[in-house]
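Peer 1: sequence below, structure please.
(chains A and B)
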Amino acid sequence: MSLRRVLFVLAWLVLPCALAAIAIAAVLFARQGGVEPYRMPHTDRVVAADAATLARGDYLARIGNCRACHTTRGGTPFAGGRAFATGIGTVYSTNITPDREHGIGDWSADEFAHVMRHGVSRRGALYPVFPYAHFAEVADADLDAIYAWLRTQPASASEPPSNRLEPPADSRRALVGWRMLHYRPRDARIDPNDRGRYLVEGLGHCAMCHSARGERGSLPPEGHFAGGRIPGIGWYAPPLDRMQLARYSDGELADYLRTGTSAHGSAYGPMAEVVYASLRALTPDDALAIARHLKQVAPAPLRAPVGTEAGNDPGSKGVQVYAHACADCHGKDGEGKPGAYPPLQGSVAASAPDATNALRLVLYGGMPVALDDGPRPHSMPPFVQQLDADEIAAVVNYLRRRWGGRDSALTAQDVEAMQGIVVD
Amino acid sequence: MHRRSAVAFLLALSLPAFADDGIAERLAACAACHGAHGEGMQGTEYVPHLAGKPAGYLFEQLAGFRDGRRVNASMTWLVQFADDGWLHEIATYYAALPPRTQAADTGAEQLTPERRERAGRLVREGDREHGVPACSACHGPDLAGVEPGIPATLGLPADYVVAQFGHWRNGSRRAREPDCMREVARALSPEDIRAVATWLSQQPNATGLRPAPAGSVVPPVACGALQTEATP
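Peer 2: Predicted coordinates:
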């Protein structure tokens, strides 16, 4: 090829493509927040640490549930190391105790606020298992109170394990690419006086579990509170909207948040942990504000339609297993027993588009949250030793068809594939 | 399940102390493996009985599963979101039930006469040379346990006991310090562990002995379990 021809191709074909690619990248980079997230603040500012501020920081850290993710079972609080299984590998939470070398002891208040708001620390961009999109909503004064309180916690020199991730996800630079595709900071923060919304969308970070995820673990707006399978945990989180929560009164929902128990059902799995570690501390006013906010959320576009297959032939085996193993407590017609056993009609286990929760509860049973100042729980026995996989599939199909309207067609293979208790 | 629920219900009625609060019914999840009376059950022989063990011991185990000092996914799954009050209530309930009187593994392998003799000597006299105290020196002269924190060793399935020694050796079962069982488990050979476990599993607590009173047994080694607070 002659030099002229090469130059011609370059000028008319390659160059425009390259320029277009650069332009697109520039736009995407601007939309993920531009360069601001990558400029760590070097300012230092004294924050108040009086008793009232510390008490507020303690409360807010509790509602944000920092401790649950940043602590291993039985480990030093806030010393990190809890494993999070994600689609790209395992991410370990960090040490956020005041240790200067291993924790965040030499962070300024501004640096702390920057990391919470932007999801970028001095090590680079953070994996989005850290809910920075939500913490960006937290007011300055509240971030300062959390910062001040964390600094009063015992320092730990423990170093969490290194993340185990496949390339290219093991590179912090690749996270900038992820942010360009999937992270869109909001222009304005929520008014803290809109208390329910402020807590739900901010520190509460409810949408991390209760939303439908998009590509590469992203949280697209159309899936916000649409419900979905929680990555790496093996539980389904129901939608949070006015349809889903219609059976709860405001007061019932507020009580459920603080105790994990209600006339409509109890929290199990990850939600039980959230109640036990975090929401139990909610003031009655905050619990009510959250309940009121959630009960008026409009259903999301990606929300699965409600089940309509009720009355389908449930199969005789499911009927038999139900009568033998379940009806004593949950009632012949799935009506439950008030104050003891929840109804199955309309329950998340029966009506969710995903059979995961029903299957886990039948296999391994459960014990609702037992708080010293809450109701004494009624447990559900595990059936993994008493029923075989065929029987478990049959009874889950039966209860989901009869009380959830779901055309459930689990097989024994599905049941076996689901086995294994996830506790951490 | 019908029968088990009925048994649990009758049991609740037959125990005036618990008749009002229906604790047996609330603990259906426990009964599935440990038996309606905490006595253990057919088909789950590797699961220990609970009935009649000291409440302080039972509480420490429940809290241990919750807080990571013991490792068993089924147990952790059930107790991980419970405050101390509920765990104390569960422990007190099972502690008050009549102790298991049967041997655990009547059909287990028969020990050769030499191994039976070796096992019996370890249980009654220990192994001075390896620094292993006798089981009976701490678990009580009748091996029925000691209040408030040392469990009976009679009636436990051999596989369960062997598994516990394994957990102590690899650090996945921990008790309050000083954790003497960790040292015992490390000092015993696998052959001795298997022999002692089998020997113990074949002894019944035929007369339903309860744990010895607190302070009646002075262990030859420092024991964290005896510093367990008695359940209120």
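
Peer 1: from residue A:156, how far off is whichever residue of the stretch 201-350 of chain A sits closest to chain B?
Peer 2: Sorted by distance to chain B under CB to the nearest CB, the residues of the stretch 201-350 of chain A start with residue A:276, at 3.9 Å. (Each C-beta comes from the backbone N, C-alpha and C, glycine too.) Going from residue A:276 to residue A:156 by CB to CB, to the nearest Å gives 22 Å.

Peer 1: residue A:144 now?
Peer 2: 23 Å.

Peer 1: and after the helix or strand hosting residue A:91, which helix or strand comes next?
Peer 2: Using DSSP states H and E, residue A:91 sits in strand A:89-92. Downstream of strand A:89-92, the next assigned helix or strand under DSSP H and E is helix A:109-118.

Peer 1: the residue lying closest to residue A:204 once chain neighbours are set aside: neighbour count?
Peer 2: Among residues not flanking residue A:204 along the chain, residue A:63 sits closest, at 6.4 Å (CB to CB, 6 or more residues apart in numbering or on different chains). For residue A:63, the neighbour count with other CB atoms under 10 Å in any protein chain shown is 21.

Peer 1: quick check: phi and psi on residue B:132?
Peer 2: phi -100, psi 120 (degrees, to the nearest 10).

Peer 1: that older thread, residues in contact with the residue nearest to residue A:204?
Peer 2: Residues in contact with residue A:63 (CB atoms under 8 Å, 6 or more residues apart in numbering or on different chains) are A:199, A:203-204, A:278-279, A:281-282, A:286.

Peer 1: could the residues you listed be laid out in TSV, adding pLDDT, secondary structure and neighbour count?
Peer 2: Below are the contacts of residue A:63 laid out as TSV (pLDDT from 0 to 100; DSSP: H, G, I helix; E, B strand; the rest coil; neighbours: other CB atoms under 10 Å in any protein chain shown):
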residue	pLDDT	secondary structure	neighbour count
A:199	98	helix	25
A:203	98	coil	26
A:204	98	coil	27
A:278	98	coil	20
A:279	98	helix	24
A:281	98	helix	16
A:282	98	coil	22
A:286	98	helix	21
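
Peer 1: tell me the one of the residues you listed nearest residue B:201?
Peer 2: residue A:278 (43.9 Å; CB to CB).

Peer 1: give me the spatial nearest neighbour of the closest one, chain neighbours excluded.
Peer 2: Using CB to CB, 6+ apart, the closest residue to residue A:278 is residue A:65 (3.9 Å).

Peer 1: quick check on that neighbour: phi, psi?
Peer 2: Taking degrees, to the nearest 10 as the convention, residue A:65 sits at phi 60, psi 40.

Peer 1: secondary structure class for residue 129?
Peer 2: All of this is about chain A. Following DSSP: H, G, I helix; E, B strand; the rest coil, we place residue A:129 in the coil state.

Peer 1: wrong one, I was asking about chain B
Peer 2: helix.

Peer 1: count of neighbours near residue 157?
Peer 2: I'll assume chain A. 13.

Peer 1: not quite, go with chain B.
Peer 2: 22.

Peer 1: residue A:175 versus that one, what's the distance?
Peer 2: Applying CB to CB, the value for residue B:157 to residue A:175 is 51 Å.

Peer 1: same question for residue A:333.
Peer 2: On the measure of CB to CB, residue A:333 and residue A:175 end up 52 Å apart.

Peer 1: excluding covalently adjacent residues, which one is nearest to residue B:81?
Peer 2: residue A:276 (3.9 Å).

Peer 1: that should have said residue A:365, apologies.
Peer 2: residue A:382 (3.7 Å).

Peer 1: OK, now which residue of chain B is nearest to chain A?
Peer 2: Closest point on chain B to chain A, by CB to the nearest CB, is residue B:68, at 3.0 Å.

Peer 1: which bits of chain A sit near chain B?
Peer 2: Taking CB under 8 Å from any CB of the partner chain as the contact definition, chain A meets chain B at A:72-75, A:260, A:272-273, A:275-276, A:324-326, A:328-329, A:340, A:364-372, A:376-383, A:385-386, A:421, A:423.

Peer 1: those in helices, which ones?
Peer 2: A:272-273, A:275-276, A:328-329, A:364 (DSSP state H).

Peer 1: could you chop chain B up by domain?
Peer 2: Annotated domains of chain B cover B:2-96, B:113-227 [automatic domain parsing].

Peer 1: list phi and psi for residue B:146.
Peer 2: phi -140, psi 130.

Peer 1: SS state for residue A:350?
Peer 2: helix.

Peer 1: that one contacts residue A:408, doesn't it?
Peer 2: No: in this structure, residue A:350 is not within contact of residue A:408 by CB atoms under 8 Å, at 9.1 Å.

Peer 1: now for these two: what residues contact both?
Peer 2: residue A:400.

Peer 1: what about the helices in chain B?
Peer 2: B:2-14, B:16-19, B:23-26, B:28-34, B:55-67, B:73-79, B:84-96, B:113-124, B:135-139, B:158-170, B:180-187, B:190-201.

Peer 1: please read the previous query as pertaining to the stretch 201-350 of chain A.
Peer 2: In the stretch 201-350 of chain A, the helices defined using DSSP state H, counting those that start in this stretch lie at A:207-210, A:250-259, A:269-277, A:284-294, A:316-321, A:327-330, A:348-351.

Peer 1: hey, which helix or strand in chain B has the poorest pLDDT?
Peer 2: None of the helices or strands of chain B scores lower by mean pLDDT, DSSP states H and E than helix B:16-19, at a mean of 44.

Peer 1: packing partners of the host helix or strand of residue A:27?
Peer 2: Using DSSP H and E, residue A:27 sits within helix A:15-31. Under the contact criterion of 3 or more CB pairs under 8 Å, 6 or more residues apart in numbering or on different chains; DSSP states H and E, helix A:15-31 touches helix A:172-182.

Peer 1: which non-adjacent residue is nearest residue A:363?
Peer 2: Nearest one to residue A:363, counting by CB to CB, 6+ apart, is residue A:384 at 4.6 Å.

Peer 1: report pLDDT for the one you found.
Peer 2: pLDDT recorded at residue A:384 is 93.

Peer 1: could I get stretch A:286-302 in CSV with only the CA atoms?
Peer 2: Only the C-alpha atoms of stretch A:286-302 are listed here, as CSV (Å, rounded to 0.1, in the frame of the first residue of the first chain):
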residue,chain,number,x,y,z
ASP,A,286,-37.6,6.7,62.4
ALA,A,287,-39.1,3.2,62.0
LEU,A,288,-42.4,4.8,61.2
ALA,A,289,-40.9,7.3,58.8
ILE,A,290,-39.2,4.5,56.9
ALA,A,291,-42.4,2.4,56.9
ARG,A,292,-44.5,5.4,55.5
HIS,A,293,-41.9,6.1,52.8
LEU,A,294,-41.7,2.5,51.6
LYS,A,295,-45.5,2.1,51.6
GLN,A,296,-45.9,4.8,48.9
VAL,A,297,-43.1,3.7,46.6
ALA,A,298,-44.4,3.1,43.1
PRO,A,299,-43.7,-0.3,41.6
ALA,A,300,-40.6,-0.3,39.4
PRO,A,301,-40.6,-1.1,35.7
LEU,A,302,-38.5,-4.2,36.2
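
Peer 1: now tell me what touches it from outside.
Peer 2: A:63, A:194-197, A:199-200, A:204, A:206, A:211-212, A:220, A:222-226, A:239-243, A:245-246, A:248, A:250-251, A:253-255, A:257-258, A:279, A:282.

Peer 1: right, and residue A:93 touches residue A:78 too?
Peer 2: No: using CB under 8 Å, residue A:93 is not in contact with residue A:78, being 9.3 Å away.

Peer 1: what touches both of these two?
Peer 2: A:70-71.
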